[in-house]
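Trainee: Whatever this is, show me its structure:
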Amino acid sequence: KSIEKEFCIDFQEYFKEDLKALEEYKDFINFDENFIKVNETGVLLIRNIAMCFDAYMKNISEDKKVFSKTV
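Mentor: Below you'll find the predicted structure:
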């Protein structure tokens, strides 16, 4: 809710596509209306989980090399 207040957005609507992308990691996260929490196993995938919200990464084609990858 603090993000909604600070940026005057509806979080669920603004991040609708990003939240859909999180479905892939549903076993590693818990979220409610105030928090997105990563569990102990999910910590190993935190970069991948965060990339769901990365606007820059969304615009990179699948075949283009990027400098940061999860091993």
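
Trainee: for the chain, what spans make up the helices?
Mentor: With DSSP state H as the criterion, the chain has helices at 2-7, 11-14, 16-21, 46-51, 55-58.

Trainee: And those helices: which comes nearest Ile29?
Mentor: helix 46-51 (6.5 Å; C-beta to C-beta). Glycine gets a C-beta too; all of them are placed from N, C-alpha and C.

Trainee: to the chain's geometric centre, what's the distance from that closest one?
Mentor: With C-alpha atoms, centre = their mean, to the nearest Å as the basis, helix 46-51 stands 6 Å off its chain's centre.

Trainee: Pull out the buried positions in that helix.
Mentor: Counting neighbours by 16 or more other C-beta atoms under 10 Å, one finds that the buried residues in helix 46-51 are 49, 51.

Trainee: buried set for stretch 5-16?
Mentor: 11, 15.

Trainee: Kindly state the pLDDT recorded for the residue minimising distance to the centre of the chain?
Mentor: For the chain, the residue nearest the mean C-alpha position is Cys52 (3.4 Å; C-alpha atoms, centre = their mean). On the pLDDT scale, Cys52 is placed at 91.

Trainee: Now do Val43 against Ile29, distance only.
Mentor: 11 Å (C-beta to C-beta, to the nearest Å).

Trainee: Compare those two (neighbour count), which wins?
Mentor: More crowded of Val43 and Ile29, by other C-beta atoms under 10 Å: Ile29, with 18 against 10.

Trainee: if I look at that one, how far off is Glu4?
Mentor: In terms of C-beta to C-beta, Ile29 sits 19 Å off from Glu4.

Trainee: In TSV: the helices of the chain, plus distance to Ile36.
Mentor: Compiled in TSV, the helices of the chain are given as follows (distance: least, C-beta to C-beta, whole Å):
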stretch	distance to Ile36
helix 2-7	10
helix 11-14	10
helix 16-21	9
helix 46-51	8
helix 55-58	17
